[in-house]
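Q: this one's sequence-less:
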C-alpha cells in the first residue's frame with residue numbers, strides 16, 4: 001500500500017510492476033473510477049482555497065508532473081488527512097493540520 005488506506009481503491013496510488021531486474025511504475029486503471037473522480041475533484045478544487053494544497057500541487061508540478069498526476073498526488077495527501085480525521089473521530093481542523101502548520105512556520109506565517 002502506498003499510504004493511507006483507500007489510495008489503491010481510489011486509483012490515486014500508482015501501480016508498481018517488478019520482475020527480475022525490471023521495475024515499472026504505471027497509472028492505476030483498475031479502481032473505483034467514481035471514487036477517483038470525487039477525490040481528484042476535491043483535490044483540484046482545494047488547491048484554489050488552501051495554501052497547503054496549493055503548495056503540494058505546485059511542488060509536484062515543479063518536479064515535472066503533469067496536471068492530472070499532480071492532482072492525484074494532492075489527492076493522496078488529502079486521503080491521509082481524511083484518514084486521520086476518521087481515525088481520530090474529529091472533523092478536519094486546519095489549525096491542527098500538521099502539514100499546514102509546518103508550511104506556515106517555514107513561510108514565516
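A: Received it, and whenever you're ready, just let me know what you need. Remember, it's a predicted structure, so these values are computed and weren't measured experimentally. Residues are numbered from 1 along each chain as shown.
Q: how much space between residue 37 and residue 89?
A: Using C-beta to C-beta, to the nearest Å, residue 37 is found at 27 Å from residue 89. Quick note: C-beta positions are derived from backbone N, CA and C, even for glycine.
Q: Neighbour count: the two, which is higher?
A: A side-by-side neighbour count of residue 37 and residue 89, using other C-beta atoms under 10 Å, places residue 37 first with 12 against 6.
Q: pretty sure residue 43 contacts residue 78?
A: Yes - between residue 43 and residue 78 a contact is recorded at 5.4 Å, counting by C-beta atoms under 8 Å.
Q: who touches both of those two?
A: Here residue 43 and residue 78 share the contacting residues residue 53, scored by C-beta atoms under 8 Å, 6 or more residues apart in numbering.
Q: When the two are compared, which one has more neighbours?
A: A direct count of neighbours by other C-beta under 10 Å for residue 43 and residue 78 places residue 43 higher, at 24 against 21.
Q: what's the more buried one in contact with, if anything?
A: Contacts for residue 43 (C-beta under 8 Å, 6+ apart) come out as 53, 57, 71, 72, 74, 75, 77, 78.
Q: which of these tops the neighbour count?
A: Neighbour tally across the contacts of residue 43 (other C-beta under 10 Å): the maximum, 28 neighbours, falls on residue 74.
Q: Without its sequence neighbours, what residue ends up closest to it?
A: residue 43 (4.1 Å; C-beta to C-beta, 6 or more residues apart in numbering).
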